[in-house]
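> Predicted structure and sequence below. I'll ask about it afterward.
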Amino acid sequence: MRPEDTDGTGGNGLQVPMTWLSTEYLADDLLRTGDLMEPTTLEFRAGRDALALTMFLCGVPRDAPAPRALPEPRVDELRMLTAYECTWRAWICERLAEAGRNAEPGDPDLALARAAWRWLEETELLAADLDAIGPAPWDAAADPADDREVRVWTPAWQLGLPLGHLAVHLY
């Protein structure tokens, strides 16, 4: 979307990424409303970016000017797309490639979406290793020496996606 010029020559000004900014606002508001994570954390950013990217690539900002107005079919679609063990990563890569083929050169919305995806892919956050959770503490076979939490470096999208899913679920 290009801003209008008042002298009649318009169209050559700075491109404003309104679709991405609207999407990011919606995702931020959903996460804040859910009160799931402190907004100053990297985990919150991962959730916001994962949710914003999902919403951007499925066209949510075009339908909903405010989070309170998200239509139920869109909420269901977001729940399905962000569900645990879904093919979200492959879907994102496919949709970004498709958006790149269909976008105008220098599209600022797509540039911000790609930057968000790059950050989600390349940034690793230290998180609990859910695969390493051992037997329950009341289990007789449990070793008390293994009581410490195991942490691993995890791509940001793997933490942000469940956070975004939970925010949509709580909506």
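The structure has been received and is ready for your questions.
> roughly how far apart are residue 46 and residue 100?
Distance, residue 46 to residue 100, using Cβ to Cβ, to the nearest Å: 23 Å. Just so you know, the C-beta spots here come from the backbone N, C-alpha and C atoms, and that holds for glycine as well.
> These two: which is more packed in?
residue 46 (28 against 12; other Cβ atoms under 10 Å).
> if I read this right, the more buried one contacts residue 117, doesn't it?
No - if you go by Cβ atoms under 8 Å, residue 46 and residue 117 don't touch, sitting 11.7 Å apart.
> what's the neighbour count on residue 120?
Residue 120 has 22 nearby residues by other Cβ under 10 Å.
> and the gap between the closest residue to it other than its chain neighbours and residue 111?
Spatially, and ignoring its direct neighbours in sequence, residue 120 is nearest to residue 157 (3.9 Å; Cβ to Cβ, 6 or more residues apart in numbering). Distance of residue 157 to residue 111, given as Cβ to Cβ: 19 Å.
> Counting neighbours, go ahead and name the busier of those two.
Ranked by neighbour count (other Cβ under 10 Å), residue 157 and residue 111 place residue 157 first, with 24 against 14.
> And residue 112, how far from residue 103?
Distance of residue 112 to residue 103, computed by Cβ to Cβ: 12 Å.
> one step back: that's a helix at the residue nearest to residue 120, yeah?
Yes - under DSSP: H, G, I helix; E, B strand; the rest coil, residue 157 falls within a helix.
> Let's test this: name the helix or strand in this protein with the lowest mean pLDDT.
Taking mean pLDDT, DSSP states H and E as the measure, the chain has helix 60-63 as its least confident helix or strand, at a mean of 59.
> After that helix, heading C-terminal, what element do we hit next?
helix 72-81 (DSSP states H and E).
> Pull the contacting residues for the spatially most central residue of the chain.
In the chain, the C-alpha nearest the mean C-alpha coordinate belongs to residue 50, at 1.3 Å (Cα atoms, centre = their mean). Residues in contact with residue 50 (Cβ atoms under 8 Å, 6 or more residues apart in numbering) are 82, 120, 156-157, 160-161, 163-164.
> helix/strand/coil for it?
Judged by three-state DSSP, the three-state class of residue 50 is helix.
> excluding its backbone neighbours, what's nearest it?
Spatial nearest neighbour of residue 50, chain neighbours left out: residue 160 (3.6 Å); criterion: Cβ to Cβ, 6+ apart.
> Any figure for the gap between the one you found and residue 154?
10 Å.
> With neighbour numbers in mind, choose between the two.
Set side by side, residue 160 and residue 154 show more neighbours around residue 160, with 32 against 17, by other Cβ under 10 Å.
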